[in-house]
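Enquirer: Just the structure for this:
(chains A, B and C)
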Amino acid sequence: MPELPEIANLAHQMQAELVGKTIAGIEVLQPKCLNVPEADFVAALAGAKVCAVTYRGKWLRVETTQGWLFVSLGMGGETLLVTRETLPEKHRLLFDFDDGTTLSINFWWFGYAHYAPLDDVASHKMTAKLGPNALEVTADDLRALFKGRRGRVKSFLLDQSKIAGIGNFYIHDILFAARLHPLRTINTLTDTEIDALACAIHTNLRGALDRGGASYEVDLHGQNGTYTMEDVVIGYKEGKPCPVCSTEIEKIKTGSTSSFICPQCQPLER
DNA sequence: ATAAGTGTTGCGCA
DNA sequence: CTGCGCAACACTTA
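Expert: Numbering: from 1, shown residues only, chains lettered A, B, ... in the order given. Here you go, the predicted structure:
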């Protein structure tokens, strides 16, 4: 489940490795992940030279001389720099470069590889509507974003059009560090709690990014991250004692997703 | 072996 | 418009 730390890491490596390479060929094994007909996609990007690779939230943004390539790994997948000789078994999309290397992209079910023209990036709605990168959001930004909202704090943090990059893996520890119950409504949050939340978002994502992302995800070279379940404080630790107060950690349903909380440290009622 | 649970995003509904 | 539940269908674990 790639979230901001994994994507940021990938974008950084792709920037270092891919810039200057020319796309010699494109092979699409799953056309439904594209936003344009396969023939148009191939025609648009074949022969293009990579200019820069950046990210926004969970999206990779590859700028080429002939247009933008936007990639979202959805609920999990790999983006690997290999050769035709070392091709992984599973791949949905292949970009062959002029130097003999190949970018192999795979995702389980929900993943996108989208094209947008250079002169109209805004035509790609999915990236155009993304909020600011979670790592760059300050407490004052949060206060401004929260103004007039009435929803749950967890739903808000997962809404990529408000803040981009937080997913259902890192959010458990973020809310715990801020001592907030996921179902707290936004208009009940105090200034102190918002300060703690901004701090928690930054500390958590930065910590995972510095370790190369989650250990179950691989980077551009197939290396696993070093952010392990030992680094996770409360997420997926159902039944274990809370590290702060030793109360048993609970798994609860929060809308259509699950949440892991310490009922003592993260009370719903204040 | 069969089935449930899991991450993400867009869309339909009140 | 906004918040919320659900569907899309791959792969791991019970």
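
Enquirer: Closest residue of chain A to DNA strand B?
Expert: residue A:167 (1.9 Å; CB to the nearest atom of the strand). Where you see a C-beta, it was placed from the backbone N, CA and C, and this is true even at glycine.

Enquirer: can I assume that residue is in contact with residue A:58?
Expert: Yes: using CB atoms under 8 Å, residue A:167 is in contact with residue A:58, at 6.8 Å.

Enquirer: Could you report the distance from the nearest residue to residue A:237 once chain neighbours are set aside to residue A:64?
Expert: With CB to CB, 6 or more residues apart in numbering as the criterion, residue A:237 has its nearest non-adjacent residue at 5.0 Å, and that residue is residue A:249. Computed as CB to CB, to the nearest Å, the residue A:249 to residue A:64 distance reads 46 Å.

Enquirer: And residue A:171, by the same measure?
Expert: Distance from residue A:171 to residue A:64, by CB to CB: 33 Å.

Enquirer: likewise residue A:22?
Expert: Taking CB to CB, one finds residue A:22 at 9 Å from residue A:64.

Enquirer: In contact with the residue of the stretch 151-270 of chain A found nearest DNA strand C, which residues?
Expert: Minimum separation of the stretch 151-270 of chain A from DNA strand C (CB to the nearest atom of the strand) falls at residue A:255, amounting to 2.7 Å. Residue A:255 makes contact with A:152, A:154-155 under the criterion CB atoms under 8 Å, 6 or more residues apart in numbering.

Enquirer: Run a quick neighbour tally on residue A:169.
Expert: By the measure other CB atoms under 10 Å, the count of residues near residue A:169 is 19.

Enquirer: Show the low-confidence segments of chain A, by residue range.
Expert: Low-confidence segments of chain A (pLDDT under 70): A:1, A:270.

Enquirer: Which residues of it lie near DNA strand B?
Expert: Residues of chain A found near DNA strand B (CB under 7 Å from any atom of the strand) are A:1, A:3, A:57-59, A:72, A:74-76, A:108-110, A:125-126, A:158, A:160, A:167-169, A:236, A:251, A:256-258.

Enquirer: just how off-centre is stretch A:234-253 within its chain?
Expert: 25 Å (CA atoms, centre = their mean, to the nearest Å).

Enquirer: Stretch A:152-166 now?
Expert: 12 Å.

Enquirer: One more: stretch A:159-168?
Expert: 8 Å.

Enquirer: and it, which residues are buried?
Expert: Burial within stretch A:159-168, assessed by neighbour count using 16 or more other CB atoms under 10 Å, is assigned to A:160, A:162-168.

Enquirer: same question, stretch A:71-83
Expert: So stretch A:71-83, judged by 16+ other CB under 10 Å, has buried residues A:71-74, A:76-82.

Enquirer: cool, stretch A:260-270 as well?
Expert: In stretch A:260-270, counting by 16+ other CB under 10 Å, buried: A:260-262, A:265-266.

Enquirer: go on, stretch A:61-74?
Expert: A:61-64, A:66-74.

Enquirer: what does stretch A:242-253 give?
Expert: A:242, A:249-250.

Enquirer: Helices along the stretch 1-150 of chain A, start to end?
Expert: Along the stretch 1-150 of chain A, the segments classed as helices by DSSP state H, counting those that start in this stretch run A:4-18, A:38-45, A:125-128, A:139-146.

Enquirer: any chance of those helices in a markdown table, plus mean neighbour count?
Expert: Output for these, formatted as a markdown table (neighbours: other CB atoms under 10 Å):
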| stretch | mean neighbour count |
| --- | --- |
| helix A:4-18 | 22 |
| helix A:38-45 | 16 |
| helix A:125-128 | 15 |
| helix A:139-146 | 16 |
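
Enquirer: mind putting those in CSV, distance to residue A:178 included?
Expert: Formatted as CSV, the helices of the stretch 1-150 of chain A follow (distance: least, CB to CB, whole Å):
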stretch, distance to residue A:178
helix A:4-18, 17
helix A:38-45, 42
helix A:125-128, 28
helix A:139-146, 11
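
Enquirer: Nearest to residue A:114, out of those?
Expert: Smallest distance to residue A:114 across the helices of the stretch 1-150 of chain A (CB to CB): 7.1 Å, for helix A:125-128.
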